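Participant: Whatever this is, show me its structure:
(chains A, B and C)
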Amino acid sequence: MCPLNIITLTTDFGTGDTYAGTMKGVILSINPQCRIVDLTHQISPQDIMGGCMSLSASYGFFPNGTIHLAVVDPGVGSNRRPILIETEKYFFVGPDNGIFSFILSASEVKNVFELTNNSFFLPQPCSTFHGRDIFAPVAAHLSKETLPACFGHSLTDPVIIKIPEPVLKNENMAEGAITHIDRFGNLITNFSRSFVRNTFSRESFHVEIRGVSFSKLLQNYACAEKDELFCLFGSSGFLEVSLKNGSAKKMLKAEKGDKIILFKK
Amino acid sequence: MCPLNIITLTTDFGTGDTYAGTMKGVILSINPQCRIVDLTHQISPQDIMGGCMSLSASYGFFPNGTIHLAVVDPGVGSNRRPILIETEKYFFVGPDNGIFSFILSASEVKNVFELTNNSFFLPQPCSTFHGRDIFAPVAAHLSKETLPACFGHSLTDPVIIKIPEPVLKNENMAEGAITHIDRFGNLITNFSRSFVRNTFSRESFHVEIRGVSFSKLLQNYACAEKDELFCLFGSSGFLEVSLKNGSAKKMLKAEKGDKIILFKK
Amino acid sequence: MCPLNIITLTTDFGTGDTYAGTMKGVILSINPQCRIVDLTHQISPQDIMGGCMSLSASYGFFPNGTIHLAVVDPGVGSNRRPILIETEKYFFVGPDNGIFSFILSASEVKNVFELTNNSFFLPQPCSTFHGRDIFAPVAAHLSKETLPACFGHSLTDPVIIKIPEPVLKNENMAEGAITHIDRFGNLITNFSRSFVRNTFSRESFHVEIRGVSFSKLLQNYACAEKDELFCLFGSSGFLEVSLKNGSAKKMLKAEKGDKIILFKK
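Facilitator: Numbers count the residues shown, from 1 in each chain, chains lettered A, B, ... in the order given. You can find the predicted model right below:
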């Protein structure tokens, strides 16, 4: 697979500072033809798991050869390694801190390289901004078809963090968690459609979350009743708790990490 | 008119989630040459009228052939139709819920198509994210010069929502509303320059808003006095209430939808 | 030097309004090949110094020939001049209000032009939005290799605002200020590494800020202790006050402009 001229960015830099913009300058200085796409810069500061899940939900919609650059990097400047992952379809560049766990535990990984060849870095990399001085230039050189193996030596033990999965408490009950809350206040959980189907043999269950119970499972937001909590399987394939034209987050005062329990009906 | 490789995005997805980024991945997977421009992703959740007015203020500054993609879509997955509008200069893709009212009530519309040809959609469109699974791929195929008529059959009754207009209460008095408040706290109203001219025969009037009266009409922000409310005709041609180096919104505790009255002087 | 097809944007327009998006439409209407990079649109409203410092930290990472367009423009429509600056490596377009001070006081400036040739403006520029009607079209025409001198006559007295510098109170003590607070709550000061070296002969000092004293100077965030304030020289070369995995801003209730004092150790 050949790298494309497309680099996506996922960071916790926000858009008020010029950190992300500066990385774009570095990329364009090396490859002025590059097209740069912001996935998001609003990952919570230092939230490696949040970066992992955001990238996980969207990387697969990009064309083959896309380079996904992610920087949520509390260990910058320490001995955490900078890495490049090559899969069947994509490239991933960033810190070796678990942010790429979703792809590392999948079967499609071809190679993982530690970025050791500093001829592809900016001169004298700053110990607090590898996004600018190491990851951006490496991604840019990669987009110009530098071979992955040129960037460093192969590595076999990349850091993988465990993505929290639902737990079957007994044959009638499973406990999961809110993994993300979106701008609409939808509570996205870690119950995948296949887990629910396999566990409950059909898509029918009671939900308990923050002391509230309900059991409506719908196909879309529009067919819900006003002021009524309901569930649906959202666009990333996971169960969501929603409120029509309102915020389930606000109604339930829910936070990321909160418990959600499903009971067999 | 031929479509350009330029697609603009107007949504209520925010920039903290990767919904908008995922749409960009879908577009680039179909047409890697496409240039994607964010108009805004900060429309208030489900605020169709807000999306309509934001797009209305800016679409006309893009080159002929631009494809304007808008997704504020509370009815996603219901029987609301997905549409493509072809005008003399532009294309518009999104839900048939009134978000394109500004253009549908103008004379330049050539065709409106319901998007029924699912060979241009992603396989098995999710019932909660047509932005990703229907609108993004249709816009991308359109940017590759697929003919508009290929996407579905013609439609004659697109949804048009009434954009609130000022009302003449008597020959000396007109009542309008705040339609938008910008980042500076400027209160943008629905009084167009031509309405004011036609109504009051000259640009001279008293303003009453939230119990406060004033009558200064200026040409720019710089010539105002400190701490003094004033009006000007803003960059979109509508009357604004402003405060120099401050926020008229904060000073007046104003909200979108608030009444504003003009009196003949 | 030839202009590139790359235009960066630094404004106080935010991303909730379509002001920045509209400028992009104007640019693409004139030069559809242009690549537009957002540095930031989150400069505080009317904060010319903030815009100056943001642009200053990042402009130099872009390729030669990049056009940097900046609009923080409280004087729009008044007699403040619109300008174009040509340096050895870059072009800068925006209001003559000091936002380009960092470059104007450097030696690399070749020419400064007042933008007087209105054949490069949009017809009838609006007195409140020169970003759209003057600066965007000028930058776009420049990106198509229109010669800088075509846009207006040479100017020798551009506005330069003084960027606050640290003051040596006595041979053992220097007083500086917080010039920027980033998304992580890091307090960026105006103490450059060279100032500190020259003043204290080595990088060793006590810090006093908002009644709190400490003296730890580190190389990166990761090697700090939990809940402990420390300093480091950040990615832009200035001294920062930080808190590991936390916000120094919150812990110290610090604000931009706050005093910071260094004592010889």
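Participant: Return the residues of the stretch 101-250 of chain A in contact with chain C.
Facilitator: With C-beta under 8 Å from any C-beta of the partner chain as the criterion, the stretch 101-250 of chain A meets chain C at residues A:126-129, A:132-133. For glycine as for every other residue, the C-beta is placed from the backbone atoms N, C-alpha and C.
Participant: for chain A, where's the lowest mean pLDDT among helices and strands?
Facilitator: Among the helical and strand segments of chain A, the one scoring lowest on mean pLDDT, DSSP states H and E is helix A:193-200, with a mean of 88.
Participant: Helices of the stretch 151-265 of chain A, residue ranges please.
Facilitator: For the stretch 151-265 of chain A, the helices defined by DSSP state H, counting those that start in this stretch cover A:193-200, A:248-252.
Participant: Columns distance to residue B:38 and mean neighbour count on top of those helices, output as a markdown table?
Facilitator: Shown next, in a markdown table, are these (distance: least, C-beta to C-beta, whole Å; neighbours: other C-beta atoms under 10 Å in any protein chain shown):
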| stretch | distance to residue B:38 | mean neighbour count |
| --- | --- | --- |
| helix A:193-200 | 31 | 15 |
| helix A:248-252 | 25 | 18 |
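Participant: Include distance to chain B when you put the ones you listed into TSV, please.
Facilitator: Converted to TSV, these look like this (distance: least, C-beta to the nearest C-beta, whole Å):
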stretch	distance to chain B
helix A:193-200	11
helix A:248-252	11
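Participant: Save those as TSV, and put in distance to residue C:234 too.
Facilitator: TSV is the format used below for the helices of the stretch 151-265 of chain A (distance: least, C-beta to C-beta, whole Å):
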stretch	distance to residue C:234
helix A:193-200	44
helix A:248-252	35
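Participant: Over to stretch A:44-62 now: how far is its first residue from its last?
Facilitator: 24 Å (C-alpha to C-alpha, to the nearest Å).
Participant: How far off centre is it?
Facilitator: 2 Å (C-alpha atoms, centre = their mean, to the nearest Å).
Participant: Would you mind listing the buried residues in it?
Facilitator: For stretch A:44-62, a neighbour-count test (16 or more other C-beta atoms under 10 Å in any protein chain shown) marks A:45-59, A:61-62 as buried.
Participant: can you check stretch A:149-159 too?
Facilitator: A:151-152, A:155, A:158-159.
Participant: Same check on stretch A:21-41?
Facilitator: Buried-residue list, stretch A:21-41, by 16+ other C-beta under 10 Å: A:21-32, A:34-41.
Participant: Narrow the residues you listed to those in helices?
Facilitator: Judged by DSSP state H, the subset of the buried residues of stretch A:21-41 located in helices is A:21-30.
Participant: Export the strand or helix carrying residue A:142 to PDB, keeping only CA atoms.
Facilitator: Assigned by DSSP states H and E, residue A:142 belongs to helix A:136-143. This file holds the C-alpha atoms of helix A:136-143, laid out as PDB (Å, rounded to 0.1, in the frame of the first residue of the first chain):
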ATOM      1  CA  ALA A 136       4.400  16.000  12.000                       C
ATOM      2  CA  PRO A 137       7.700  15.800  10.000                       C
ATOM      3  CA  VAL A 138       7.600  12.000  10.000                       C
ATOM      4  CA  ALA A 139       4.000  11.900   8.700                       C
ATOM      5  CA  ALA A 140       4.900  14.500   6.100                       C
ATOM      6  CA  HIS A 141       7.900  12.500   4.900                       C
ATOM      7  CA  LEU A 142       5.800   9.300   4.900                       C
ATOM      8  CA  SER A 143       3.200  11.100   2.700                       C
END
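Participant: quick check, it touching chain B?
Facilitator: No: using C-beta under 8 Å from any C-beta, helix A:136-143 never reaches chain B; the gap is at least 12.6 Å.
Participant: list the helices and strands that helix packs on?
Facilitator: Secondary-structure packing of helix A:136-143 (3 or more C-beta pairs under 8 Å, 6 or more residues apart in numbering or on different chains; DSSP states H and E): strand A:6-11, helix A:19-30, strand A:67-71, strand A:82-87, strand A:91-95.
Participant: let's go with 10 Å and repeat that
Facilitator: Judged by 3 or more C-beta pairs under 10 Å, 6 or more residues apart in numbering or on different chains; DSSP states H and E, helix A:136-143 is in contact with strand A:6-11, helix A:19-30, strand A:35-40, strand A:67-71, strand A:82-87, strand A:91-95.
Participant: Report the entries of the buried residues of stretch A:44-62 that also contact chain C.
Facilitator: Among the buried residues of stretch A:44-62, the ones lying near chain C by C-beta under 10 Å from any C-beta of the partner chain are A:45-46.
Participant: re earlier: can I get the buried residues of stretch A:149-159 in JSON lines with pLDDT and distance to residue B:230?
Facilitator: Output for those, formatted as JSON lines (pLDDT from 0 to 100; distance: C-beta to C-beta, whole Å):
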{"residue": "A:151", "pLDDT": "98", "distance to residue B:230": "59"}
{"residue": "A:152", "pLDDT": "98", "distance to residue B:230": "61"}
{"residue": "A:155", "pLDDT": "95", "distance to residue B:230": "64"}
{"residue": "A:158", "pLDDT": "96", "distance to residue B:230": "60"}
{"residue": "A:159", "pLDDT": "97", "distance to residue B:230": "58"}
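Participant: Let me know the closest of those residues to residue B:255.
Facilitator: residue A:159 (48.4 Å; C-beta to C-beta).
Participant: Am I right that that closest one is in contact with residue A:95?
Facilitator: Yes: using C-beta atoms under 10 Å, residue A:159 is in contact with residue A:95, at 8.8 Å.
Participant: shared neighbours of these two, anything?
Facilitator: A:48, A:75, A:80-81, A:83 (C-beta atoms under 10 Å, 6 or more residues apart in numbering or on different chains).
Participant: Separate out the buried members of those.
Facilitator: A:48, A:75, A:80-81, A:83.
Participant: least confident pick among those residues?
Facilitator: Within these, residue A:75 has the lowest pLDDT, namely 92.
Participant: that's a helix at it, yeah?
Facilitator: No: counting by DSSP: H, G, I helix; E, B strand; the rest coil, residue A:75 is not part of a helix but coil.
Participant: follow-up on the earlier one: angle of the helix holding residue A:142 against strand A:67-71?
Facilitator: Relative orientation of helix A:136-143 versus strand A:67-71 (axes from the mean of the first three to the mean of the last three C-alpha atoms, to 10 degrees): 170 degrees.
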